[in-house]
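In: no sequence on hand, only this structure:
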């Protein structure tokens with residue numbers, strides 16, 4: 001594989017996106033504890049922290065859509081916790097989004113449109129040209145399973161903690177399973193990508209169209 005290819009962490013900016021989700025969580029738990037387990041105070045601080053992060057990211061030039069989605073998740077979590085009166089329900093939206101993400105990523109692999117290929121292809125300005133390269137398509141499929149596993153790990157830890165109402169441990173898990181887990185996922189999926197490509201393949205930036213009549217199904221599904 002071409003030595004000049006960037007790592008996935010460089011291409012996808014994993015550290016920035018991961019850290020953004022930690023700040024509002026820390027704010028929620030800090031407010032909840034400082035206010036004598038006040039959900040209202042925790043929710044208010046979380047929303048303010050999320051808004052501050054959003055403004056900061058927008059000023060840095062982060063895509064508005066990603067920033068709005070991050071803030072929306074914080075607001076939804078705060079609303080759910082306020083409505084149910086259960087502080088642990090602040091994390092329910094994140095739990096559900098992880099479950100939905102695991103299903104979506106697995107589905108994308110099965111229909112041969114792996115999300116990792118879609119994301120990296122978009123970042124590299126390739127549109128769907130990577131799908132015309134059978135080796136690259138298979139590599140993206142293999143590496144995308146690493147992301148499915150990432151979401152499943154979160155669920156295996158979050159669900160019991162949410163079910164038993166361990167708010168502080170939920171926040172701790174959110175921190176531990178954000179950047180460290182994302183970093184591990186990026187590293188492992190990058191390794192899987194590189195290992196899955198045959199010797200001599202020019203890399204992610206240079207998809208190779210399949211010879212006529214070879215692996216045609218990959219380009220028409």
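Out: Received, thanks. As the structure is a prediction and not an experimental result, all values here were calculated from the model.
In: can we go C-alpha only for contacts and neighbour counts from here?
Out: OK.
In: now do the helices in this structure.
Out: 8-12, 14-34, 39-59, 64-84, 92-110, 115-123, 134-163, 167-176, 179-196, 217-220 (DSSP state H).
In: residue 209 is nearest to which of these?
Out: Closest to residue 209 of these is helix 134-163 (Cα to Cα; 7.7 Å).
In: could you give the mean pLDDT of that closest one?
Out: Helix 134-163 shows a mean pLDDT of 96.
In: same check on stretch 176-185?
Out: Averaging pLDDT along stretch 176-185 yields 86.
In: to the chain's geometric centre, what's the distance from that stretch?
Out: 10 Å (Cα atoms, centre = their mean, to the nearest Å).
In: if you count neighbours, what's buried in that stretch?
Out: Neighbour-count burial for stretch 176-185, counted by 16 or more other Cα atoms under 10 Å, picks out 177, 178, 179, 181, 182, 183, 184, 185.
In: in CSV: those residues, plus distance to residue 168.
Out: Below are the buried residues of stretch 176-185 laid out as CSV (distance: Cα to Cα, whole Å):
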residue, distance to residue 168
177, 14
178, 15
179, 18
181, 19
182, 21
183, 23
184, 24
185, 24
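In: redo the helices of the chain as TSV? Include distance to residue 206.
Out: Formatted as TSV, the helices of the chain follow (distance: least, Cα to Cα, whole Å):
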stretch	distance to residue 206
helix 8-12	15
helix 14-34	23
helix 39-59	31
helix 64-84	27
helix 92-110	21
helix 115-123	11
helix 134-163	10
helix 167-176	35
helix 179-196	14
helix 217-220	17
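In: next, residue 61: phi, psi?
Out: Residue 61 has phi and psi values of phi 90, psi 20 when expressed as degrees, to the nearest 10.
In: check it and give its pLDDT.
Out: Model confidence at residue 61, given as pLDDT, is 76.
In: how close does it sit to residue 156?
Out: Noted for residue 61: a distance of 35 Å to residue 156, by Cα to Cα, to the nearest Å.
In: just residue 177 next, same as before
Out: Distance from residue 177 to residue 156, by Cα to Cα: 11 Å.
In: how about residue 51?
Out: Residue 51 sits 29 Å away from residue 156, going by Cα to Cα.
In: ok, now which ones touch residue 27?
Out: 42, 45, 46, 49 (Cα atoms under 8 Å, 6 or more residues apart in numbering).
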